[in-house]
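**Q** Provided below for reference: sequence and predicted model.
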Amino acid sequence: MDLPLLLAAVERGDDDAALELLYDATADDLAGDDAVALLAAAARAGRERVVDHLVVWDVDVTRPWDGGVDPVTWAAENGRYWVLRALLSRSRDPLSSDSPHRRALRTAQEALASGVGAGSEPSPAHRAVLTDLEAELGVHRSPDELMARALVHADPDHDDWFASVFHLGRRTSRETFDWALEAARDTSNLDRRRFGLDTMESLAIAFSVEVEQEHDAELPFAREAEDFLRPLLDSEQDPRTLDIVIAAFNSYSSVDMVPAILAHADHADPRVRRTVSAMLHTNPNTAKHEEALAALTRLADDSTPTIRTNALSGLATSALDTPELRAVFAAHLADPFFDARLEAAAGLALRDDERGLTALNEIRSGIKNTNSPGWGRLCDIHHLLRVRAEAAGQDGGERTLLVTGPGICRATATGHTAEGTGGHLHRDGRTPGRIRCTPEG
């Protein structure tokens with residue numbers, strides 16, 4: 001394990017490079033002093049993916065850092081919500097009297113009372129820490145209390161907000177839905193309204209988990225939610241709130257919701273466009289609407305990289321094939337954003353355009369191992385190529401798509417294999433099907 005290179009990657013905030021380097025770390029490496037030093041550096045730098053990876057691979061979270069610093073105490077005191085979640089994830093008995101959870105809870109309470117980190121950026125998430133740990137220890141605050149914690153910063157991107165919404169979303173009851181709906185109807189308080197809407201969406205996600213075993217089952221309270229949310233798609237003027245409305249409506253909608261959100265595909269706010277692009281990208285009804293494919297074509301040239309990627313991915317897997325669309329893909333083979341470049345190459349390759357196959361081979365040459373950016377998506381693309389080749393009745397030798405190598409998928413006309421180990425999908429990973437490839441054997 002090359003600690004200097006790893007520390008340099010952490011310092012510059014390059015999680016992808018750090019994870020690639022960690023691919024070759026042995027069990028002895030991860031049990032040693034260097035791994036503990038790396039864990040401390042990643043935690044202090046806020047590199048949550050690296051922290052999570054190290055914890056998953058059994059780096060000792062109980063060993064003190066330099067100066068005798070206890071990792072759990074440090075994370076709780078500084079309000080490092082996601083770092084603390086990772087550190088505590090291996091604790092087996094949170095309810096014991098001397099558990100790290102109880103120690104972290106006391107530390108966070110004291111830090112919040114004394115104002116540790118007040119005024120710093122990013123602001124510490126002590127309230128999120130309290131919400132998580134209390135729930136783990138069987139203390140469940142009322143919806144009003146959890147909302148009050150979220151509204152201290154009143155930022156939907158803050159961890160205090162996330163933790164409150166997440167834990168309310170797990171309470172899949174009529175009472176919680178009614179509370180969220182009432183808050184969402186409060187036109188006198190924008191922050192309260194946003195929080196209510198966000199909680200409604202969180203509940204929809206939890207409801208969908210509960211009913212996923214029932215074919216075509218309708219989510220609880222879906223009709224009430226749709227009746228409330230649908231008019232807001234036309235009337236909501238606040239972009240941040242509209243973004244939440246679109247996401248919530250998509251979660252509850254039992255009908256084709258594509259026409260309802262198309263009006264916002266060209267919204268001035270990138271948050272709204274990003275959400276619309278994500279909905280169109282994943283919705284199976286998108287291909288039925290020419291206007292939706294036209295919107296994705298426009299969004300493929302958006303100035304925001306993630307919006308371009310969503311749009312290109314949605315177009316890549318559509319049945320549409322025109323010279324104009326191929327020109328869009330070809331223009332993005334040199335996109336500065338890697339994910340957009342990969343989707344553009346996929347779009348051409350899936351249309352048997354040699355430019356796409358060549359670009360995928362070039363991308364492959366930069367893949368070092370299964371921790372490399374793009375590895376999982378390449379597996380998906382190869383699988384799609386194989387399925388389409390089989391559907392077209394093609395057989396025979398291996399496609400000239402990717403040569404094999406450590407941890408690299410290979411597509412053939414008769415099978416789909418991947419060599420190496422599967423990738424680990426972190427909480428902020430965005431690659432669908434990250435570990436969908438199966439090892440040979």
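**A** Thanks, I have it.
**Q** any idea how far T172 is from A42?
**A** 35 Å (CB to CB, to the nearest Å). Every C-beta, even on glycine, is put in place using the N, C-alpha and C of the backbone.
**Q** what does stretch 95-111 contact?
**A** 72-73, 75-79, 84, 87-88, 91, 93-94, 117, 124, 126, 129-130, 133-134, 136-138 (CB atoms under 8 Å, 6 or more residues apart in numbering).
**Q** Spell out for me the ChimeraX command that would select the buried members of those residues.
**A** Filtering the contacts of stretch 95-111 down to the buried ones (16 or more other CB atoms under 10 Å) takes a single ChimeraX command:
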select :72,73,75,76,77,78,79,84,87,88,91,94,117,124,126,129,130,133,134,136
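**Q** show me the contacts for L168.
**A** Contacts of L168 (CB under 8 Å, 6+ apart): 143, 146, 176, 180, 199, 202-203.
**Q** Can you give me the distance of it to S277?
**A** 27 Å.
**Q** Can you give me the neighbour number for the closest residue to L219 other than its chain neighbours?
**A** Setting aside the residues directly before and after it, L219 is nearest to F207 in space (CB to CB, 6 or more residues apart in numbering), at 4.4 Å. By the criterion of other CB atoms under 10 Å, F207 has 22 neighbours.
**Q** So F207: helix, strand or coil?
**A** helix (DSSP: H, G, I helix; E, B strand; the rest coil).
**Q** Could you check how far it is from E201?
**A** From F207 to E201 the distance is 10 Å (CB to CB).
**Q** thinking again about what came up before, of the contacts of L168, just say which sits nearest to R341.
**A** Ranked by distance to R341 (CB to CB), those are led by S202 at 33.4 Å.
**Q** Let me know the helix or strand that the closest one is in.
**A** Using DSSP states H and E, the element containing S202 is helix 190-211.
**Q** Alpha carbons only: can I get that helix in CSV?
**A** C-alpha atoms of helix 190-211 as CSV (Å, rounded to 0.1, in the frame of the first residue of the first chain):
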residue,chain,number,x,y,z
LEU,A,190,-41.5,27.9,2.9
ASP,A,191,-39.0,25.9,4.9
ARG,A,192,-41.7,23.9,6.7
ARG,A,193,-43.5,23.3,3.4
ARG,A,194,-40.3,22.0,1.8
PHE,A,195,-39.6,19.7,4.7
GLY,A,196,-43.2,18.3,4.5
LEU,A,197,-42.8,17.6,0.8
ASP,A,198,-39.4,16.0,1.3
THR,A,199,-40.8,13.8,4.0
MET,A,200,-43.7,12.7,1.7
GLU,A,201,-41.1,11.6,-0.8
SER,A,202,-39.1,9.7,1.8
LEU,A,203,-42.3,7.9,2.9
ALA,A,204,-43.0,7.0,-0.7
ILE,A,205,-39.6,5.3,-1.0
ALA,A,206,-40.3,3.4,2.2
PHE,A,207,-43.8,2.5,1.0
SER,A,208,-42.3,1.2,-2.2
VAL,A,209,-40.1,-1.2,-0.3
GLU,A,210,-43.0,-2.5,1.6
VAL,A,211,-45.2,-3.3,-1.4
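**Q** Which neighbouring elements make contact with it?
**A** helix 143-150, helix 159-169, helix 174-184, helix 222-235, helix 239-252 (3 or more CB pairs under 8 Å, 6 or more residues apart in numbering; DSSP states H and E).
**Q** Any buried residues in the first one, and which?
**A** Read it as helix 143-150. 143, 146-147, 149-150.
**Q** Same check on the last one?
**A** Neighbour counts using 16+ other CB under 10 Å place 240-252 of helix 239-252 among the buried residues.
**Q** Next, the angle from it to helix 190-211.
**A** 20 degrees (axes from the mean of the first three to the mean of the last three CA atoms, to 10 degrees).
**Q** elements contacting helix 239-252?
**A** Using 3+ CB pairs under 8 Å, 6+ apart: helix 239-252 touches helix 190-211, helix 222-235, helix 258-261, helix 270-282.
**Q** would you list those helices in JSON lines and tack on distance to N371 and mean pLDDT?
**A** As requested, the helices and strands packed on helix 239-252 are exported to JSON lines (distance: least, CB to CB, whole Å; pLDDT from 0 to 100):
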{"stretch": "helix 190-211", "distance to N371": "28", "mean pLDDT": "94"}
{"stretch": "helix 222-235", "distance to N371": "40", "mean pLDDT": "96"}
{"stretch": "helix 258-261", "distance to N371": "35", "mean pLDDT": "94"}
{"stretch": "helix 270-282", "distance to N371": "25", "mean pLDDT": "96"}
